[in-house]
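**Q** Just the structure for this:
(2 chains)
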Number of protein chains: 2
Amino acid sequence: MKNCEQHISPQVVKRLPRYYRYLEDMLEAGLVRTSSKELSAKSGLTASQIRQDLNCFGGFGQQGYGYNVEQLYNEIGRILALDNKNKTILIGAGNLGRAVALHMDFDRKGFKLIGIFDKNEAVSGQLVGHIPIRHISGLDDFCLENKPTIAVLCVPKDNAKELSANLYNLGVKGFWNFTHYDIANKYSDIAVENVHLSDSLMTLCYKINRLDEVET
Amino acid sequence: MKNCEQHISPQVVKRLPRYYRYLEDMLEAGLVRTSSKELSAKSGLTASQIRQDLNCFGGFGQQGYGYNVEQLYNEIGRILALDNKNKTILIGAGNLGRAVALHMDFDRKGFKLIGIFDKNEAVSGQLVGHIPIRHISGLDDFCLENKPTIAVLCVPKDNAKELSANLYNLGVKGFWNFTHYDIANKYSDIAVENVHLSDSLMTLCYKINRLDEVET
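**A** Next up, the predicted model:
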C-alpha cells in the first residue's frame, strides 16, 4: 500500500480532492457508507475508474458493502497531508487577495496563513479577517524570522517574476499562483498550483460558442 | 483550416488561452514576431508541440521568421470567440463574488456582466463596480426580460444544485462555477468551467508534502 502511494499518478492526484470533497459532503449528511456507483453519479467518472483509483490506497472497499465514508475521508486526507500546517503568506491584498484570504479554509486544507502583504501603504494595518496587512517592504525580514514555505500570489503580473524569485531565495517552496506569470517553468524544486482565472473564462467563451454552432 | 478548427481537441483548447495570454504580453511589450522556441520558454511546452497546436489554425508560422504576434493573437481571439458579448449574470455577492466581478475583465474575454444577485437583502442596491446588487427574488423576472445565457456561480454549495436547475430552465447555457457542486454531470447541453479553489489548494498541499519527502 505504501509502495502504491509512492507512485500515485498525477491524474489520480488531481481526482483525490474531488473524492475528498464528496466524502466531506456525505459525512456532513451523516452517511456511513458509499459506493463507487454513488461516487460515479456525483463525479461523472466511471465506477470502474473510481474503484481503480481508490484501490490504490488500501482495500477498504468491500464487495457488496462499498466504502466506509469516514475511513476513506480520513485516508485521503492523510494522503493529501491536510493535517500539515504549512506556514503561508499571501501577497497582494486587492479584491482577489482579500477574497482568497477570507474565503478559503486554509486551516483545514493543510495551511496556516500567517501574513498578508501589499505594496500599497494606504492599506497597511487594515485587518483581513484577523490578519493585519503588512507593507511589502517588511517581507524579507518577516520571512527570515517566520520562515513561511508557501506563498499565495495575488499580485499583478508585472510584479510576479521578481517577487517569486525573491520568495524562492527566502525559502518559499510552494506557490498558489493567481497571477498570469508561469512560475513553474523557472524552478524545478518547487510545487506550484496555478489558478489562471482568465484562462478558465476564455475556455468557457470558446465552449459556449461551439455549443451554439452545434445547435444551429 | 476551417475543417481543422471543427476538430480542435480539448487538450489544444486548454492551451489556447495560455498562448493568447503570452501573445497579449508580447503585444503590450511592442514585439512584432515570436517563435515556437520563445513560446516554449514561457510555457514549458515543447516547441514542436506548440508548432503542432498553432499549425492547426492556418499557416502563418514561417520557417526562419516565426509568427506575427498580432496576427496570431487576433486569430486565437477569433477562435476563442472573445469578441462575443455573452450576457452574463453573477450570483453570490460575497467576498469571492465581488472579487470576481471586480477583478475579471469580462468585456475583453467574451462576456458582458449585466446583473449581480445575492440572497442577503442587506446588500441589495450596493454597487459592485458600476453594477447594483439585486435581491435573488428578482432573478426569474430579470432573466425573462434580459435573457442572460451565462451565470457565474459564487454561492455556497447548498444553494448550487437548485439554483443551477432554475437557471437552466431560464435559458442559461453556460456556467462559470466557483461552487463545490459539479453541475456538468447533470446536463449534457451546457458549457461549464469549474474553478474548484479548494481542490487546487489541496493539490498544492499534496505536492509540497511530496517535495519534502523527495528531499529527505
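**Q** longest strand of chain A?
**A** Among the segments of chain A that qualify as a strand by DSSP state E, the longest is strand A:111-118.
**Q** what's the helix or strand following that strand in contact with?
**A** Toward the C-terminal end, the helix or strand that comes next after strand A:111-118 (DSSP states H and E) is strand A:127-128. Residues lying outside strand A:127-128 but in contact with it, judged by Cβ atoms under 8 Å, 6 or more residues apart in numbering or on different chains, are A:93, A:98, A:101-102, A:116, A:133. Yep, even glycine has a C-beta here, placed from its N, CA and C like the rest.
**Q** Of those, grab the buried ones for PyMOL.
**A** With 16 or more other Cβ atoms under 10 Å in any protein chain shown as the criterion, this PyMOL line picks the buried residues out of these:
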select buried, chain A and resi 93+98+101+116+133
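**Q** now, which of the contacts of strand A:127-128 lie within strands?
**A** The subset of the contacts of strand A:127-128 located in strands under the criterion DSSP E comprises A:116, A:133.
**Q** So, low pLDDT: which residues of chain A?
**A** A:1-6, A:58-64, A:214-216 (pLDDT under 70).
**Q** switch the cut-off to 90
**A** For chain A, applying pLDDT under 90 flags the ranges A:1-14, A:41-45, A:52-66, A:156-159, A:180-188, A:210-216.
**Q** Quick check: buried residues in stretch A:187-202?
**A** Applying 16+ other Cβ under 10 Å to stretch A:187-202 flags A:190-202 as buried.
**Q** tell me what the longest strand of chain A is packed against?
**A** Helices and strands in packing contact with strand A:111-118 are listed as strand A:86-91, helix A:95-103, strand A:131-135, helix A:139-146; criterion 3 or more Cβ pairs under 8 Å, 6 or more residues apart in numbering or on different chains; DSSP states H and E.
**Q** ok, back up a step: give me the subset of the buried residues of stretch A:187-202 touching chain B.
**A** Taking Cβ under 8 Å from any Cβ of the partner chain, the overlap between the buried residues of stretch A:187-202 and the neighbourhood of chain B is A:190-193, A:195-202.
**Q** would TSV of those residues with secondary structure be doable?
**A** Formatted as TSV, the entries for those read as follows, by DSSP: H, G, I helix; E, B strand; the rest coil:
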residue	secondary structure
A:Ile190	coil
A:Ala191	strand
A:Val192	strand
A:Glu193	strand
A:Val195	coil
A:His196	coil
A:Leu197	helix
A:Ser198	helix
A:Asp199	helix
A:Ser200	helix
A:Leu201	helix
A:Met202	helix
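**Q** okay, those residues in CSV with distance to B:Lys112 next?
**A** Formatted as CSV, those follow (distance: Cβ to Cβ, whole Å):
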residue, distance to B:Lys112
A:Ile190, 38
A:Ala191, 37
A:Val192, 33
A:Glu193, 30
A:Val195, 23
A:His196, 21
A:Leu197, 17
A:Ser198, 16
A:Asp199, 19
A:Ser200, 18
A:Leu201, 13
A:Met202, 15
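**Q** Identify, from these, the entry nearest to A:Arg33.
**A** Within the set of these, A:Glu193 lies nearest A:Arg33; the separation is 31.8 Å, counting by Cβ to Cβ.
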